[in-house]
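# the following comprises the amino acid sequence and a computationally predicted model.
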Amino acid sequence: MNRVSLLLLLSFVSLVRAAEPAPTLPGNVIDLPTALRLAGASNLDVQIAREKLAEARAANDSARAKFFPWIAPSIVVRRHENNIQAVNGPILDADKNSLAAGLALNAQIDLGDVYYQNLVAHQLLRASEAALAGRQHEMVYRAATAYFDLARARAAVGAAEEASRISHKHSEQIDASAEAGLTFRGDAARVRAARERSDLTLSRLRVEQRVAAARLAELLHLDPAIDLTPAENELAPLTMITADAELGQLISHALASRPELDEGAARVAAARATQRSATVAPLIPTLGAQASIGGLGGGPGSTSPGHDFDTSNDYAIGVSWRVGPGGLFDRNRQRETAARQRQVELDLEKTRDAIRRQVVEQHARLRSLVEQLGLARKTLEAADQTATLSRQRRETGVSAALEDIQAEDELARARRDYLATVADYNQAQYALQFVTGN
């Protein structure tokens, strides 16, 4: 097992043991396990998903609380002056005061609606849990992709630095030879042009490395000013899923494991509960109950409001049905919830189709990259052999400097192509892991 494969295994262990302290790396150096751990914990999208889960839990608790009554403590002082109507009809001129104090225990429960609201809240909580798992899964994949982009850029800079060093060495030698009159000055100018092209390529690759470091830092919620450097100096191919894995099994595994499907299934269940609430809940009566326990006092004219203060209790209970909008025979609400349920079901089927397509795409990409990796390796070996022979010819004075520089440039390009292919291959491994739900 190569070093990168070992790092990959350690990364999954670090995710399982998220509570353990992160390994300490010097300065701005970051390795793959650390990147994956930070992506699953520090990424802002993951933190937003956690807060949405907390919101869903609070909403679920609030839905359950609707089954319980509420208490209303009260103190009321009343004063009336002049006309008032007696209970048997006559109008009287009366001044009076009263004081009422006590507790009122109230309950009005739309039994059907509250029951189905609890079902919906429970399913939405389940959907939020799946959404958090899916977001963490996605961020780990994106972190791996960004890390390999940075590793590819760093390795390409290393290859370009070596090519630039060789170009400068040849340029110095041929400039000295041209000054001595031993070399055609046109050849010296061509070598200097090759040196400048090499420096230009190196400058561009360094910018690409810096951009890749900033993008990884943003993904991991680190300061983009930190110039992250990968711990690995060389990229090596890693294998988690073989390219000859059976496509049907990969698709079946993805449809059984992707958290997006769990989230979609929960939202479908919530939509079905909402639709049932529109048709069944109005048949269940609303329960209303009230108990007022306290005291009442007062009297006519200037009598103190607390005069003859004594206990005064009232009790009431009843059931009712709502007919019309929001209740019985509300066809519009039933049609609305039925259409919303169908939309959510179609969204879930659309997600299944997308997952099938993603697995097929990534499987085909991985198989192609296996072939590309072999070709890139052969190209690199041939370019390395050419450069070695050219150096030997140069040392014996057989070849010209331009031939040697051309061979070194070809070797640098072959190295960059190989490193890019290795990075693409490693990213394809993680991509196939991601789309299959691993």
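Great, that's in hand. This is a predicted model, so every value here is computed, not measured. Numbering: from 1, shown residues only.
# what pLDDT does residue 146 get?
pLDDT for residue 146: 90.
# separation between the closest residue to it other than its chain neighbours and residue 223?
Excluding the flanking residues, the one nearest residue 146 by C-beta to C-beta, 6 or more residues apart in numbering is residue 216, at 4.3 Å. The way it works is simple: take the backbone N, C-alpha and C, and place the C-beta from them, glycine included. According to C-beta to C-beta, to the nearest Å, residue 216 and residue 223 sit 12 Å apart.
# just the strands in this protein please.
Assigned strands in the chain, in chain order: 29-30, 70-80, 83-85, 91-93, 96-110, 229-230, 286-300, 310-320 (criterion: DSSP state E).
# can you list contacts of the second one?
Read it as strand 70-80. Under the contact criterion C-beta atoms under 8 Å, 6 or more residues apart in numbering, strand 70-80 has outside partners 94-107, 294, 298, 305.
# pull the contacting residues for the spatially closest residue to residue 333 that is not a sequence neighbour.
In space, and not counting its chain neighbours, residue 333 is closest to residue 278: 4.7 Å by C-beta to C-beta, 6+ apart. Residue 278 makes contact with 330, 333, 334, 336, 337, 338 under the criterion C-beta under 8 Å, 6+ apart.
# widest-spaced pair of the residues you listed?
Of all pairs drawn from the contacts of residue 278, the greatest distance, 12.4 Å, lies between 330 and 338 (C-beta to C-beta).
# ranges for the helices of this protein?
For the chain, the helices defined by DSSP state H cover 3-16, 32-41, 44-65, 111-179, 185-219, 247-257, 259-279, 331-395, 401-435.
# with distance to residue 320 added, can I get those helices in a markdown table?
Below are the helices of the chain laid out as a markdown table (distance: least, C-beta to C-beta, whole Å):
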| stretch | distance to residue 320 |
| --- | --- |
| helix 3-16 | 54 |
| helix 32-41 | 51 |
| helix 44-65 | 22 |
| helix 111-179 | 11 |
| helix 185-219 | 56 |
| helix 247-257 | 47 |
| helix 259-279 | 18 |
| helix 331-395 | 18 |
| helix 401-435 | 53 |
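# for residue 237, find the nearest of those.
Comparing these by C-beta to C-beta, helix 401-435 comes nearest, at 5.4 Å.
# buried residues, that closest one. List them.
Buried residues in helix 401-435, counted by 16 or more other C-beta atoms under 10 Å: 401, 404-435.
# swap in stretch 161-168?
162, 163, 164, 166, 167.
# residues contacting the residue nearest to residue 358 when sequence neighbours are not counted?
Of all residues not flanking residue 358 in the chain, residue 435 sits nearest, at 4.1 Å (C-beta to C-beta, 6+ apart). Listed by C-beta under 8 Å, 6+ apart, the contact partners of residue 435 are 254, 258, 355, 358, 359, 362.
# can you pull out the low-pLDDT segments for the stretch 1-150 of the chain?
Applying pLDDT under 70 to the stretch 1-150 of the chain picks out residues 1-27.
# equivalent analysis for the stretch 151-300 of the chain, please.
Those would be 170, 173-188, if you go by pLDDT under 70 across the stretch 151-300 of the chain.
# and residue 223, its phi and psi?
phi -70, psi 120 (degrees, to the nearest 10).
# from residue 383, how far off is it?
For residue 223, the distance to residue 383 - C-beta to C-beta - is 39 Å.
# show me which of these two is the more surrounded one.
For residue 223 versus residue 383, neighbours defined as other C-beta atoms under 10 Å are more numerous around residue 383 (21 against 9).
# correct me, but the more buried one touches residue 408?
No - using C-beta atoms under 8 Å, residue 383 is not in contact with residue 408; the gap is 9.3 Å.
# can you pull the residues that touch both of these two?
Joint contacts of residue 383 and residue 408 (C-beta under 8 Å, 6+ apart) do not exist.
# for stretch 351-369, C-alpha coordinates in PDB please.
Extracted in PDB, the C-alpha atoms of stretch 351-369 (Å, rounded to 0.1, in the frame of the first residue of the first chain):
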ATOM      1  CA  THR A 351     -32.800  12.800  -7.800                       C
ATOM      2  CA  ARG A 352     -32.700   9.000  -8.400                       C
ATOM      3  CA  ASP A 353     -32.200   9.600 -12.100                       C
ATOM      4  CA  ALA A 354     -29.400  12.100 -11.400                       C
ATOM      5  CA  ILE A 355     -27.700   9.700  -9.100                       C
ATOM      6  CA  ARG A 356     -27.800   6.900 -11.700                       C
ATOM      7  CA  ARG A 357     -26.300   9.300 -14.300                       C
ATOM      8  CA  GLN A 358     -23.600  10.500 -11.900                       C
ATOM      9  CA  VAL A 359     -22.500   6.900 -11.200                       C
ATOM     10  CA  VAL A 360     -22.300   6.100 -14.900                       C
ATOM     11  CA  GLU A 361     -20.400   9.300 -15.700                       C
ATOM     12  CA  GLN A 362     -17.800   8.800 -12.900                       C
ATOM     13  CA  HIS A 363     -17.400   5.100 -13.700                       C
ATOM     14  CA  ALA A 364     -16.700   5.900 -17.300                       C
ATOM     15  CA  ARG A 365     -14.300   8.700 -16.300                       C
ATOM     16  CA  LEU A 366     -12.400   6.400 -14.000                       C
ATOM     17  CA  ARG A 367     -12.000   3.700 -16.600                       C
ATOM     18  CA  SER A 368     -10.800   6.300 -19.100                       C
ATOM     19  CA  LEU A 369      -8.300   7.800 -16.600                       C
END
